[in-house]
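**Student:** Have a look at this prediction, sequence included:
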Amino acid sequence: MSPHPLESLRYVARSWEIGDEPPVQEMAAILAELAEESPSTLLQACRRLIEYFPASGPVWWLSARALSAPDPVEEIWEAADELAQDPTPRRLAEALPAGALVAVPRPAGALAAALRRRPEVVIVGKPARAGIVVMRALAAAPGRLLVTSHLAALAAKPGAAEIWVVVERGVLLPEQLWAQLLARTPASRASALRAEDVAACVTTEGKVAPAEALGQPTCPPVAELLGWKS
């Protein structure tokens, strides 16, 4: 007998290493199964996911998309496809100037792999040697970016390197969800940067000014994800 989707969701979440990128595609498949077989448990599953990964913008984004849609199954698969086809890592590789010394501290996601396909860019191991330090946003909202705590500390250090933050698809949230995310995320795991703290952002559109990158969230602030208690 195959496990119940909620049990599968718990297994996937607990098996993932803290600090690594949440397995959003696997989660989407389980949520879609739940939405089809047991729609009344979808809200519980989304909240449980957020409790496992409170700092992950894409988890909040996927949950908001699922809970706000007339057809949750279709919406979940559409959102999962958008995440899978995200061109942002490629846009980063295209935007970096030839000959740039670039550091990509962990968590790097697909960024390092994209940069290795650009031979004119030199990836260095130590941020102190880099001209550009690339960071992945865990989540974002208008004017603000969430990165892991060690990256926030790195951004706060004075230095010659430019800070570029990659804002992948599903990372940008409306203010209401951002406030909930911050309230649930331990300060030891992640910290917020202001848009003015970074030199540039990279989105699906390429390198853009931070204010432009953080303008328009692409999910609604669904009431079911506001203010519940674990």
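**Tutor:** Sure thing, it's come through.
**Student:** mind listing the helices for this structure?
**Tutor:** 5-15, 24-37, 42-52, 57-68, 72-84, 88-95, 111-116, 149-156, 175-184, 210-213 (DSSP state H).
**Student:** by contact count, what packs against the helix or strand bottoming out on mean pLDDT in the chain?
**Tutor:** Here the helix or strand of the chain ranked lowest by mean pLDDT, DSSP states H and E is helix 5-15, holding a mean of 73. For helix 5-15, the packing partners by 3 or more CB pairs under 8 Å, 6 or more residues apart in numbering; DSSP states H and E come out as helix 24-37, helix 42-52. The C-beta positions use only the backbone N, C-alpha and C, and glycine is treated the same way.
**Student:** Not counting the longest one itself, show me its contacts.
**Tutor:** Residues from elsewhere that reach helix 24-37 (CB atoms under 8 Å, 6 or more residues apart in numbering): 5-6, 8-9, 12-13, 41-42, 45-46, 49, 56, 58-59, 62, 66, 72-73, 76-77, 79-80, 83-84, 170.
**Student:** buried subset of these?
**Tutor:** Neighbour counting with 16 or more other CB atoms under 10 Å marks 5, 8-9, 12-13, 41-42, 45-46, 49, 56, 58-59, 62, 66, 72-73, 76-77, 79-80, 83, 170 as buried within those.
**Student:** how is this protein carved up into domains?
**Tutor:** Following automatic domain parsing, the chain resolves into domains at 5-84, 88-213.
**Student:** would you list those domains in CSV and tack on distance to residue 219?
**Tutor:** Below are the domains of the chain laid out as CSV (distance: least, CB to CB, whole Å):
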stretch, distance to residue 219
domain 5-84, 4
domain 88-213, 7
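**Student:** quick one: low-confidence parts of this structure?
**Tutor:** Filtered on pLDDT under 70, the chain yields the residue ranges 1-4, 15-20.
**Student:** So which of the helices of the chain is the most surrounded?
**Tutor:** When those are scored by mean count of other CB atoms under 10 Å, the highest mean neighbour count falls to helix 57-68 (a mean of 25).
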